[in-house]
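# Sequence and predicted structure are below.
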Amino acid sequence: MKAAARVAKGREGYGMLLDETHGRHAMFEFARQGLSWLGRPIELPGSRPLRFESSQDAGSQLVEWPVGHCVKCLCFYHPDDPPSLKAEQQEKLRALFDAARKVGRELMIEIIAGRHGKVGGDTVASVLGELYGLGIKPDWWKLEPQVSPDAWGGIEAVIARNDPWCRGVVMLGLEAPQRELEGAFATAAAFPIVKGFAVGRTIFADAAGKWLAGEITDEAAIADMARRFEGLSEAWLAVRGRKAA
């Protein structure tokens, strides 16, 4: 949190994804730092079929969350999944969407298709089309870097056709090195639906390993993470032809 705040410098457009299990104290720090946006995961990490972490009644959890916290849910979903698995995943996502709407919370659905199948130019657009067909309209999508500009174009078209009020897409990292992510940023640059990125281990993995081993101090860890996050932020702004303000 301190590293993110050091990069944000009070500017709009910077936020965090924090889980309640390990990030509760960081949530308090978030409120003090004044960052723009906070997303909270609700899924049981790694679950497939999708399960929620605390209670399968998502609504009972969400009523306790501050209204400004966005619900984030990762679902491993591929168009070629077995029908029974797909039906179970869809039921969970639809229940979560309904719960989020009833209690007035924003929802971000994160789709990872590449973990359980081949990803082509239309794979992720097909996933979004299937979920929109069920009436699921999240405020945000969090998606893998795409293989080509055409893939991003297909995603943008599906969203525009089904939900013109969608706030947009943020790109996830999947532990990719910074140079690889910068290339992914360039691929997405021409598509306004892609609003930014939300990556974790690319920023903190190296510092965390050294810090947990007692090899670096708190300040050194913060400085390392801030440097990596600032580099990614500058790369994103550069491909969009903008400067940090």
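Okay, I see it. Keep in mind that this is a model prediction, so the values were computed, not measured. Numbers count the residues shown, from 1 in each chain.
# What is the host helix or strand of His22 packed up against?
Take DSSP states H and E as the rule and His22 turns out to sit in helix 20-33. Counting contacts by 3 or more CB pairs under 8 Å, 6 or more residues apart in numbering; DSSP states H and E, helix 20-33 packs against helix 2-8, strand 37-41. Quick note: C-beta positions are derived from backbone N, CA and C, even for glycine.
# Any chance of these in JSON lines with distance to Tyr14, mean pLDDT and mean neighbour count as columns?
Output for these, formatted as JSON lines (distance: least, CB to CB, whole Å; pLDDT from 0 to 100; neighbours: other CB atoms under 10 Å):
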{"stretch": "helix 2-8", "distance to Tyr14": "4", "mean pLDDT": "94", "mean neighbour count": "19"}
{"stretch": "strand 37-41", "distance to Tyr14": "8", "mean pLDDT": "94", "mean neighbour count": "21"}
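# Rebuild these as CSV, extending it with distance to Glu215.
As requested, these are exported to CSV (distance: least, CB to CB, whole Å):
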stretch, distance to Glu215
helix 2-8, 17
strand 37-41, 29
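# At which residues are the strands of the protein located?
Counting by DSSP state E, the segments of the chain that form strands are 15-17, 37-41, 69-76, 107-112, 140-143, 168-171, 194-197.
# Export these to JSON lines and append columns for distance to Ala213.
Below are the strands of the chain laid out as JSON lines (distance: least, CB to CB, whole Å):
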{"stretch": "strand 15-17", "distance to Ala213": "24"}
{"stretch": "strand 37-41", "distance to Ala213": "26"}
{"stretch": "strand 69-76", "distance to Ala213": "28"}
{"stretch": "strand 107-112", "distance to Ala213": "29"}
{"stretch": "strand 140-143", "distance to Ala213": "30"}
{"stretch": "strand 168-171", "distance to Ala213": "30"}
{"stretch": "strand 194-197", "distance to Ala213": "28"}
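# Spatially nearest residue to the most centrally placed residue in the chain (excluding sequence neighbours)?
Centroid-nearest residue in the chain: Lys142, 4.2 Å away (criterion: CA atoms, centre = their mean). Excluding the flanking residues, the one nearest Lys142 by CB to CB, 6 or more residues apart in numbering is Glu110, at 3.7 Å.
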